Structures are given as structure tokens and as C-alpha cells.
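Trainee: Sequence unavailable; structure follows:
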């Protein structure tokens, strides 16, 4: 992997920020999450270069919701315009923990990665996927869990103003009649996981599964799963194709999961592939948490946290574009850029160099 030493500015920065930002502010925006270190409960950048020595930049001002240069919706709309037609859209949410402060407007929310209820803020994220191209193109703060459905529809509706969609992938939280109705009206297929206790007419899925003859399940060796497809019409969801999937050859409901497609023409393997595609957003959350400080913002105001999240995902989009071009991983590309530009993000190294200076 040979990434140029000079950082190429992606279309987001070059087309949307340079018109109204000073050069120093633009450099801060580009390097923000690449050299993010949390100091004194503020989001700050501490960079060390051979040219300027030690430079501590407090960017809390740039994260202010009143900072007039940031208009997240406008910038994300520009990102959408860079997408191609007929891509996949994936929806999911993640949680920023705010358990040790009373200054933040946190609420009790379930964190799937920690598998517990915690005090925090929940954010809805929408990504675009087509071939090797992956981009974060939508971010919304969720005030309540029911708020997720309405804001998901708003993000999808906004995207459809500019581009067409091949399909939408999401987990069980988004398997809701309003989303299904909206996508049916737009003629967009939807693949998701319903709840185990979902009612489909006169039966529940988990009760129905135990009554099916195990010989009617087909084994798929590539996926190492047993699956059976049924088509069910529901007053709530309309006609859907439901996959009953299990890992063992038995009639027990334990270990069984379900995948639903609103496109009745898809094969079992295509629906299973659609379920697997949703995992790409989890990979984004992992990369942004491990390499870009997604959950490390120490700010407490809603606006500042949202700005931090926005800049993290914009940095991810930038690194993802380099990944498409040069290969490798997000973490490796970040380290290569930091090394090439003499950016040190290790606290011990910074303290050591500070003493020398």
C-alpha cells in the first residue's frame, strides 16, 4: 500500500468547507479525528510536526452548534449527490455513553455492544454501499426509541430526492409497518429481521417453527445453515417472504432466527446475503470507535457531541475513499497518514517530546 505523503483533500472538504474557512481551520477539520486526544474534558487536538513543533489546538469552539460554518444537513446532502443510483442503504443506531455527568441530556438506552442499559445518547446513522464504496450519508440524534422510525423515514425520503435505491437493510428495530409501507410505496425492497414473537395473521413465528417438519428444511452448505422459505400475507406488513433459519437439524425454536424480505422474487441465498450486508455498518462503528475516537468525545452539550460524531464519520469517509484506491484497512491507512505527516497520537510520546522541547 503506497499512500501519498501529502494528504489528498476529499470532495467534502474541498467543495464544502474551503469556501468559508481559513487555511488553519481547514487543516484542523482534516486532521481532527486523525490526531484526536481528549484533555481536560474537552475535545482537543494535540499535534506534533517537525515544522511547527508542539501545537495544542482547542477545537471546542469549532464543535459548537452555533459555529456558523457547520451545516451538517447541507454537507451530507452534498455527500448524497456524490453517490450513484441503485446503491444499498443500511440503517442502524449506536450509543454514546454519558454516565458520569449530569450536564448531558442523556437517557436510559440499551447498548447492544455492551449488552446493558446505560445512560447515554443514541444516534441514528444511514450508510450508502455500492460495490467497494461505503459512505456515511445520514446522522440524526434520537430523543426517544420511537423517534427512530420517523427519522429513518425522513433520512430515506431525503435520499430519494437525489438518488434511487436498490434496497434497504436493517435489523429488527427498523422492522416496522411505517417503514415497510413507505418503502413499498417507493418500490424499494426491504430485508430485515422481525421479532421472534411477531404476529403474522393467526400465528406467531416461534410457535409456527416448532410445528414444521424438520425434513422440510433445506441445508445450505456454503452458509452452514438450514432454512425454509414461506410466503405470508399480513394485514400489517402485506405479502412478505420469511426465512426460518436454524443452525441445527431439529425442531427446537432455540437457536432459530428469521429474515424477512418484501421482495418475493429473491431466493433464500439472496435474502441471507441481504441480511449479511447489514453487518457493514457494524464494521464502520468498530473502525470509528477503535481508530477515530467515535465514543471518546468528552463534550456534554448535544450540539458539540453531534459535531464530533459528524467529523468522525466524515473522516471515515475520507479514509474509506483511500481504502478503495489503495486497499488495506482503515486503521492501517490512518497510521500511514499520521506517520507520513509526523502526527503523533500517543500520549506517552507527546509527553516525552514536550519535556525535550
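Mentor: Alright, I've got the coordinates. Quick caveat, the model's predicted, so the values are computed rather than measured.
Trainee: Is it correct that residue 111 is in contact with residue 118?
Mentor: Yes: counting by Cβ atoms under 8 Å, residue 111 touches residue 118, with 5.3 Å between them. Where C-beta positions appear, they are placed from N, C-alpha and C, glycine not excepted.
Trainee: Give the residues shared as contacts by the two.
Mentor: 95, 97 (Cβ atoms under 8 Å, 6 or more residues apart in numbering).
Trainee: which residues of the stretch 51-200 of the chain score low on pLDDT?
Mentor: 51-70, 99-103, 113-115 (pLDDT under 70).
Trainee: Can you show me the strands along it?
Mentor: 53-58, 87-97, 107-111, 116-130, 133-142, 165-169, 189-192, 199-200 (DSSP state E, counting those that start in this stretch).
Trainee: so what does the longest one touch, helix or strand wise?
Mentor: Packing partners of strand 116-130 (3 or more Cβ pairs under 8 Å, 6 or more residues apart in numbering; DSSP states H and E): strand 87-97, strand 107-111, strand 133-142, helix 147-160, helix 279-291, helix 302-326.
Trainee: any idea of the angle the last one forms with strand 116-130?
Mentor: Note on geometry: by axes from the mean of the first three to the mean of the last three Cα atoms, to 10 degrees, helix 302-326 and strand 116-130 are set 40 degrees apart in direction.
Trainee: swap in the shortest one?
Mentor: Orientation of strand 107-111 against strand 116-130 (the same axes, to 10 degrees) gives an angle of 60 degrees.
Trainee: what comes into contact with strand 107-111?
Mentor: 95, 97, 116-122, 143-145.
Trainee: if we go to 10 Å?
Mentor: Contact with strand 107-111 is made by 93-98, 116-122, 142-145, 173, as judged by Cβ atoms under 10 Å, 6 or more residues apart in numbering.
Trainee: Just the buried ones from those?
Mentor: The neighbour-count test (16 or more other Cβ atoms under 10 Å) marks 93-96, 98, 118-122, 142, 173 as buried among the contacts of strand 107-111.
Trainee: Could you work out the most separated pair of the residues you listed?
Mentor: The most widely separated members of those, counting by Cβ to Cβ, are 98 and 173 (20.8 Å).
Trainee: how many neighbours does the residue lying closest to residue 143 once chain neighbours are set aside have?
Mentor: With sequence-adjacent residues excluded and distances taken as Cβ to Cβ, 6 or more residues apart in numbering, residue 143 is closest to residue 107, at 7.9 Å. Neighbours of residue 107 under the rule other Cβ atoms under 10 Å: 15.
Trainee: before we move on, what about the one 3 residues further on?
Mentor: Residue 110 is surrounded by 14 other residues when neighbours are defined as other Cβ under 10 Å.
Trainee: Who does it form a beta bridge with?
Mentor: Counting by DSSP bridges, residue 110 is bridged to residue 117.
Trainee: Any figure for the gap between it and residue 147?
Mentor: Residue 110 sits 15 Å away from residue 147, going by Cβ to Cβ, to the nearest Å.
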